[in-house]
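1. sharing a sequence plus its predicted fold:
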Amino acid sequence: YGGKPQEAGPADITDYLSSRTQMSERSQARVISSLRSFFDWLVKEGCITDNPCDRVDSPKLGYYLPNVLSEDEIESIISSVDISSWQGKRDRAILEVMYGCGLRVSETAGLKVSALFMDEGFIRIIGKGNKERLTPLGEMAVEALLAYLEERPVPTSKSADDLVFLNRFGKPISRVSLFKMVKKHTLAAGVTKEVSPHTFRHSFA
């Protein structure tokens, strides 16, 4: 299309999308969304009266099924962790909590000691939108947490004082470290699926 944006019509947008044969349906949907926002702005500015994208159908997107792990695969990954060191105990506790409580990676990294109510069997989580929820804590997760907390490193920064999971320097564990840790134990267990911390949340669900 070589004309002015104000002169573009639905057919021009359809022709443009048809010419981009290398684009996936999801990419086309993003393009239409961006164009719709642009033409909405032109309408607000009084440059045009109608948004031409309103008469262009977005491609129907299928739903992607997330990777999930079977109980045997979960057990294999968790059992692959060598708990003879404090780091192994930490990794076992992380995996048990992520799977048993369905935590997001950010929630796992930010889990606080003061949010653990192990005698009562639950933890308090501050999730997306600063929303609080109480999540049941299973017996295996409690055992793994207690074993780790006995050997938890001394926090070396104020920001780490109340955090459960620390790195070897006594600082907050990072999201990147959690991803690497999950990959490491997945490989050690011989599980060939593409696994990330979020896979444990999907498997929990």
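-> Alright, I've got the coordinates.

2. any chance you could map the helices in this structure?
-> 10-19, 25-44, 71-79, 86-101, 105-109, 139-149, 175-188, 197-204 (DSSP state H).

3. can you tell me which of these is most buried?
-> Comparing the helices of the chain by mean neighbour count (mean count of other CB atoms under 10 Å), helix 86-101 comes out on top with a mean of 23. For glycine as for every other residue, the C-beta is placed from the backbone atoms N, C-alpha and C.

4. tell me the angle that helix makes with helix 175-188.
-> 90 degrees (axes from the mean of the first three to the mean of the last three CA atoms, to 10 degrees).

5. from Thr49, how far out is the residue nearest to Met140 when sequence neighbours are not counted?
-> Of all residues not flanking Met140 in the chain, Glu96 sits nearest, at 5.5 Å (CB to CB, 6 or more residues apart in numbering). Distance of Glu96 to Thr49, computed by CB to CB, to the nearest Å: 60 Å.

6. tell me what the helix or strand of the chain with the lowest mean pLDDT is packed against?
-> Here the helix or strand of the chain ranked lowest by mean pLDDT, DSSP states H and E is helix 10-19, holding a mean of 78. Applying 3 or more CB pairs under 8 Å, 6 or more residues apart in numbering; DSSP states H and E, we find helix 10-19 packed against helix 25-44.

7. so how far is the helix it packs on from its chain's centroid?
-> 27 Å (CA atoms, centre = their mean, to the nearest Å).

8. dump it to CSV, restricted to CA.
-> Output of helix 25-44 as CSV, limited to C-alpha atoms (Å, rounded to 0.1, in the frame of the first residue of the first chain):
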residue,chain,number,x,y,z
GLU,A,25,-1.5,-16.4,12.5
ARG,A,26,-0.3,-15.2,15.9
SER,A,27,2.0,-12.6,14.2
GLN,A,28,-0.9,-11.5,12.0
ALA,A,29,-3.1,-11.0,15.0
ARG,A,30,-0.5,-8.8,16.6
VAL,A,31,-0.1,-6.7,13.5
ILE,A,32,-3.9,-6.2,13.2
SER,A,33,-4.0,-5.2,16.9
SER,A,34,-1.2,-2.6,16.3
LEU,A,35,-2.9,-1.3,13.2
ARG,A,36,-6.2,-1.1,15.1
SER,A,37,-4.6,1.0,17.8
PHE,A,38,-3.0,3.3,15.2
PHE,A,39,-6.3,3.9,13.4
ASP,A,40,-8.1,4.4,16.7
TRP,A,41,-5.7,7.2,17.3
LEU,A,42,-6.4,8.7,13.9
VAL,A,43,-10.2,8.6,14.7
LYS,A,44,-9.5,10.4,18.0
